[in-house]
Structure formats: structure tokens, C-alpha cells
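Asker: no FASTA, just this:
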């Protein structure tokens, strides 16, 4: 039987994992919007300076992304500079962990009432499609199949590797620029 101490360690480890994954996903969203035409087309419909957050209730971790005037997405970190236009909120850390550890699809989590959406549902679906595209690119197929509602039928291994490489290189470049500026 687990003790309170082991329960706290598990909760702390999950919080650290979710925080790390929020950072990775935020940076990957920025990188993907800079290199992928599908993501650029999805983001183009959002208004300029559109801000969306994905957060764990009641007090994080979180990721905040803003659509730039050039159509790309910019990762802003965990704090939103103003009230977001769209907020996707996991009701509990455990729910975020299930999705971000790819044990449960976002659509399944939403269907089980583990996620709240505050904002335009059309934009929420657009963000979900962007996230699905990102996951299809950067995750191995056997994991992506568990994470996304529908794996893109036209995504071949060569295209996946080329896109994933461009995304990871862009993420590394963005991270290096952020560290250098600090």
C-alpha cells in the first residue's frame, strides 16, 4: 500500500514531467509553425495576436502561445500577458499526465470531461489539429497512434523524418537563441 510520502513523490514527479512536456510542446508548436505548411494554414485563420494557453487547474503548469502577424506561432512560456482568447484546461494534474505521456488521446480526455475549453470551440479544434500534426511528426508511429485521433494517411516515413528533423533543429535554434539572450 502506497504511503503519503510515496504519493507526494509521485505527484511531484508527475508535475515535473507535465511542466517539462508543456515546455517541449510550446517550443515544438513554435518550431512547427515555422516549417510546416499544414500548421501554417491552420494558424492563418486565427486572428493576429491570438493567445491560447493549455494549463492544469488550478495553478499550472501551463504553456502559452501567441499567433504572430507573420502567421507563425510564438511560445511565450507559462504566463499569459493578458487574458487568453482560448484556454484549454486540464481539470487535474493526472489528466494532463495521461495526455502528455501519450496514454490517452486528447479527444478521449475531452470526452471523459477531463478538459475544459474557455473560448471559441472552432479555434480549440484548430489548435487540436495543430497539436495532432505536431505529434504525428515528432513521435514514433506506435506512440503517435495512441496520442492522436487519426494518424495522417499521407505521412510517409521519409516525410516524417524530414519534418521531424526540421522541427527539432528549429527547436534547438530557438532554445539556443533564448538562452543566449538571457
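Answerer: Yep, it's here. Only a predicted model underlies this, so the values are computations on that prediction, with no experimental measurement involved. Numbers count the residues shown, from 1 in each chain.

Asker: In what element of secondary structure is the most centrally placed residue in the chain found?
Answerer: When Cα atoms, centre = their mean is applied to the chain, the residue found nearest the centroid is residue 25 (4.1 Å). Using DSSP states H and E, residue 25 sits in helix 4-35.

Asker: got the buried residues for that helix?
Answerer: 14-15, 17-19, 21-23, 25-35 (16 or more other Cβ atoms under 10 Å). Quick note: C-beta positions are derived from backbone N, CA and C, even for glycine.

Asker: next structured bit after that helix?
Answerer: Criterion used, DSSP H and E; the element after helix 4-35 is helix 37-44.

Asker: quick one: that following helix to chain centroid distance?
Answerer: 15 Å (Cα atoms, centre = their mean, to the nearest Å).

Asker: so which helix or strand takes in residue 131?
Answerer: Counting by DSSP H and E, residue 131 is part of helix 121-138.

Asker: which parts of the helix or strand just after that helix are buried?
Answerer: Downstream of helix 121-138, the next assigned helix or strand under DSSP H and E is helix 141-147. Residues 144, 146, 147 are the ones in helix 141-147 that count as buried (16+ other Cβ under 10 Å).

Asker: Okay, buried residues for the next helix or strand after helix 141-147 please.
Answerer: Using DSSP H and E, the helix or strand that follows helix 141-147 in sequence is helix 157-181. Using 16+ other Cβ under 10 Å as the test for burial, helix 157-181 gives 160, 163, 164, 166, 167, 170, 171, 174.

Asker: if we can go back for a sec, any chance of the buried residues of helix 141-147 in JSON lines with pLDDT and distance to residue 134 as columns?
Answerer: Below are these laid out as JSON lines (pLDDT from 0 to 100; distance: Cβ to Cβ, whole Å):
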{"residue": "144", "pLDDT": "82", "distance to residue 134": "10"}
{"residue": "146", "pLDDT": "79", "distance to residue 134": "15"}
{"residue": "147", "pLDDT": "81", "distance to residue 134": "10"}
